[in-house]
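> Fold the following and give me the result.
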Amino acid sequence: MTAASPSREFAFALHDVARMLRTYSDHRAREVHMTRAQWAVLSKLRRSEGLKQRELADMLDVAPITLARLVDKLTASGLVERREDAADRRANRLFLTPDAAPALKRLDILSEDVLGRALSGLDEATITNLRTSLERIRSNLKHELSCGG
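Reported below is the predicted structural model:
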């Protein structure tokens, strides 16, 4: 049997690491009574408050109905509010409530711990190089997808 190419081995490792990071993040999010998906919604909204639900669903790469359910739970928890869009009465815009600030602070601490454990043994230069390489891969794939490749 022939060995897989270094590129394929890299792809397998990348997939495994991403899956394990998601699994570990799911596990750790439960410590603050949240899911990783809810965590992602809050984090994106902190960076881009006022997004339409459809825009946020696209950014998170989830189905609109999936996002609606996540937002329903976050709204019931008092962390997110929907506001009507003044220009499009069919659309809702999403905003964090003041109660989201303490939750985001706990999630920030959790995030630093998760990433600290995941990146243990890697120096800053290595992390920067890995990030640059991953951004290049993402750019390559984005280009291929936009070209229909």
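> Next, give phi and psi for the spatially most central residue of the chain.
Per Cα atoms, centre = their mean, the C-alpha nearest to the average position across the chain is that of residue 40, at 4.3 Å. With angles defined as degrees, to the nearest 10, residue 40 sits at phi -60, psi -40.
> Can you give me every residue that contacts it?
residue 60 (Cβ atoms under 8 Å, 6 or more residues apart in numbering). C-beta: built from backbone N, CA, C; applies to glycine.
> And the pLDDT at it?
Note for residue 40: predicted pLDDT of 96.
> and the gap between it and residue 65?
Distance, residue 40 to residue 65, by Cβ to Cβ, to the nearest Å: 16 Å.
> before we move on, what about residue 141?
According to Cβ to Cβ, residue 141 stands 26 Å off from residue 65.
> Low-confidence stretches in the chain?
Applying pLDDT under 70 to the chain flags the ranges 1-2, 149.
> make it 90
For the chain, the stretches flagged by pLDDT under 90 are 1-4, 85-92, 147-149.
> ok, which stretches of the protein are helices?
6-29, 36-47, 53-60, 64-76, 100-118, 124-146 (DSSP state H).
> Understood, closing this out.
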